[in-house]
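Enquirer: Quick one: sequence and predicted model below, then my questions.
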Amino acid sequence: MQRRYQADTYAYEVRGRTVERSLFSESLAGSRIPRVVLPRFRDWGEVLRWRLTENVPGAFPYTAAVFPLRRLEEHPQRMFAGEGGPERTNRRFHFLSRASLANRLSTAFDSVTLYGEDPDERMDIYGKVGNSGVSVASVDDAKKLYSGFNLADPSTSVSMTINGPAPMLLGFFLNAAIDQQCELHIREDGLEAEVEDRIQALYRERGVERPRYQGALPEGNDGLGLMLLGVSGDEVLPADIYERIRRETLAVVRGTVQADILKEDQAQNTCIFSIELALRLMGDIQQYFIDEGVRNFYSVSISGYHIAEAGANPVTQLALTLANGFTYVEYYRSRGMRVDDFAPNLSFFFSNGMDPEYVVLGRVARRIWAKAMKHVYGANARSQRLKYHIQTSGRSLYAQEIAFNDIRTTLQALYALCDNCNSLHTNAYDEAITTPTEESVRRALAIQLVISRELGLSRNENPLQGSFIIEELTDLVEEAVMREFLRLSERGGVLGAMERMYQRGRIQDESLEYESRKHSGELPIVGVNTFLGPEGSPTRVPDEVIRANPEEKDYAIASNRAFRARNRGRADAALDELRRVALAGGNTFAALMEACKVCTLGQITGVLYEVGGQYRRNM
């Protein structure tokens, strides 16, 4: 091992492809900086202990990292965006992706979409359309939202923060990706005129207007995805060609859908279906991924972020999240799936706050997951690797002295990058008050770019290893997580504890502790309860506050109604088939993929309510 890391380069394999990286870089002062540093132990007992508990990056138990070296061509930034209609958010995506080596998009949806409804004039819906997230209610909305990004390109990856209606949004996304590749096939074979004639004929027959992208295309958007707006690829291409494109697209598309229903019940509260139906839908998605060979897309992002935002401390966040992950493993296995067929489709999502435990959150998560997957489930190396996204803490942002928020975010991002997170979102300083502006989100992105591209320590990829305090914290947090696992087991496991509202009660107790210490001043918050400005650090509303305007809301409603009108007959047939498959115990997601071509979000939600019932909280 010593000789391997003293060489100039290091070669390793990723999915059958050999990757070779330099192991050293030279600083301005001429120092030769190693990417990976090994311990200087001479005692064989110390070497063995280190190999069993730490090891090099990319080696079991993956405490340091799940890959031997970072990907130089793809930095970990994945910035969250969503506001107004699909076109406005598409412009923000292209703004965030300028000069990026890879397109890593993260989508925030409005609360109307999060609850599975269509935009409408109803008083409880209208005001929420397009606010604090993008309004997406059909496959055409998804096509506009991601237009100009090749969704099947290896350098493009899309994350969708959606839970209750996750199957429908995933169906919209995958159909948009397939139709993009149909469009590329049409262009490559010079079929544009023929296909355009076919589309015009379809719309003359339907007697309705074709949908359009509203406004000018932003810089960087070449219009990919808009040629087949209003139609599906299977309407304009022969069945055998469409089927080939569909299979090829599903095999390469990259991204993540959150779809974590357990943490919704425990913390975030956007459950819409009964827990039983929601779990079945998750299982159906994963079975579809196995059957169709979807290997590069995560079917669930097992999330601790919302548990932390609801008030949990870092240990509870990690313990509840990992416990939820093992519950999904047990559920999928109970449905007859092999662990190595589904475990690579699982990912995780954590918050990074200011507490000391956050610096080792990833280390502990990787180590516990790897040991359990190897020793309990007999999983292979790929299944043992826990990959996770970090978002800096939203609840650590304050409306008072909002300029100080960038300082907190910088420190939290430094934690995450030193701990080798797989992707990172840095919050904008003004998020305590508004959806981020272009100015604030550019600053937020710059935080992680400065750390990863300018900070000298980032030349090394295992900076936490060898530190006494890091090793002590890692052991302390791992032990605390195991104790929480025992408490959950005593209550019948995760689902049994949920019936007793154990997780919610624990989160609420810890939230009260946090708020009490903050208000008493025992927990110092600079600019909030200490180091106040001459005026007492009042809240100052920024110059620009982002909200969806009435024109965007009305456009969303009109677009949705137009989609329903042009697909009326076919939508009824697709919904009947979805209902039949669901009641017969078939794979609902396979039927959803077809329904998503012609049905709106609200239409599909309504049918699934009929089949499996609406969510009701246990009191």
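Expert: Received it, and whenever you're ready, just let me know what you need. All of these numbers come straight from a predicted model, not from anything done at the bench.
Enquirer: Any idea how many residues pack against the residue lying closest to Tyr62 once chain neighbours are set aside?
Expert: Among residues not flanking Tyr62 along the chain, Arg366 sits closest, at 4.4 Å (CB to CB, 6 or more residues apart in numbering). From N, CA and C alone the C-beta is placed, and that goes for glycine too. By other CB atoms under 10 Å, the residues close to Arg366 number 25.
Enquirer: what's the answer for Ser303, then?
Expert: When neighbours are counted by other CB under 10 Å, Ser303 registers 31.
Enquirer: What ranges does the protein have for its strands?
Expert: 9-14, 17-22, 24-26, 32-34, 79-81, 103-108, 156-161, 255-257, 297-298, 300-303, 346-352, 388-392, 423-425 (DSSP state E).
Enquirer: Redo those strands as JSON lines? Include distance to Trp50 and mean pLDDT.
Expert: Formatted as JSON lines, the strands of the chain follow (distance: least, CB to CB, whole Å; pLDDT from 0 to 100):
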{"stretch": "strand 9-14", "distance to Trp50": "19", "mean pLDDT": "89"}
{"stretch": "strand 17-22", "distance to Trp50": "23", "mean pLDDT": "89"}
{"stretch": "strand 24-26", "distance to Trp50": "22", "mean pLDDT": "96"}
{"stretch": "strand 32-34", "distance to Trp50": "17", "mean pLDDT": "97"}
{"stretch": "strand 79-81", "distance to Trp50": "36", "mean pLDDT": "81"}
{"stretch": "strand 103-108", "distance to Trp50": "33", "mean pLDDT": "94"}
{"stretch": "strand 156-161", "distance to Trp50": "34", "mean pLDDT": "96"}
{"stretch": "strand 255-257", "distance to Trp50": "33", "mean pLDDT": "97"}
{"stretch": "strand 297-298", "distance to Trp50": "31", "mean pLDDT": "98"}
{"stretch": "strand 300-303", "distance to Trp50": "29", "mean pLDDT": "98"}
{"stretch": "strand 346-352", "distance to Trp50": "25", "mean pLDDT": "98"}
{"stretch": "strand 388-392", "distance to Trp50": "23", "mean pLDDT": "96"}
{"stretch": "strand 423-425", "distance to Trp50": "27", "mean pLDDT": "94"}
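Enquirer: among those, which is nearest Gln317?
Expert: strand 346-352 (6.5 Å; CB to CB).
Enquirer: then the closest one to CSV, C-alphas only?
Expert: Extracted in CSV, the C-alpha atoms of strand 346-352 (Å, rounded to 0.1, in the frame of the first residue of the first chain):
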residue,chain,number,x,y,z
LEU,A,346,-30.2,4.1,-2.5
SER,A,347,-28.6,7.4,-1.5
PHE,A,348,-28.7,9.6,1.6
PHE,A,349,-29.2,13.3,2.3
PHE,A,350,-27.9,15.1,5.5
SER,A,351,-27.8,18.5,7.0
ASN,A,352,-24.6,20.1,8.2
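Enquirer: helices and strands around it, which ones?
Expert: For strand 346-352, the packing partners by 3 or more CB pairs under 8 Å, 6 or more residues apart in numbering; DSSP states H and E come out as strand 300-303, helix 305-309, helix 314-334, helix 361-375, strand 388-392, helix 405-418.
Enquirer: that older thread, test my guess that the residue nearest to Tyr62 contacts Phe60.
Expert: No - contact criterion CB atoms under 8 Å: Arg366 and Phe60 do not qualify, at 9.8 Å.
Enquirer: partner strands of the helix or strand of the chain with the lowest mean pLDDT, parallel or antiparallel?
Expert: Every helix and strand in the chain was compared by mean pLDDT, DSSP states H and E; the lowest is strand 79-81, with a mean of 81. Sheet partners assigned to strand 79-81 using DSSP bridges are listed as strand 103-108 (parallel).
Enquirer: any weak-confidence spans in the stretch 351-500 of the chain?
Expert: Along the stretch 351-500 of the chain, no part satisfies pLDDT under 70.
Enquirer: Understood, closing this out.
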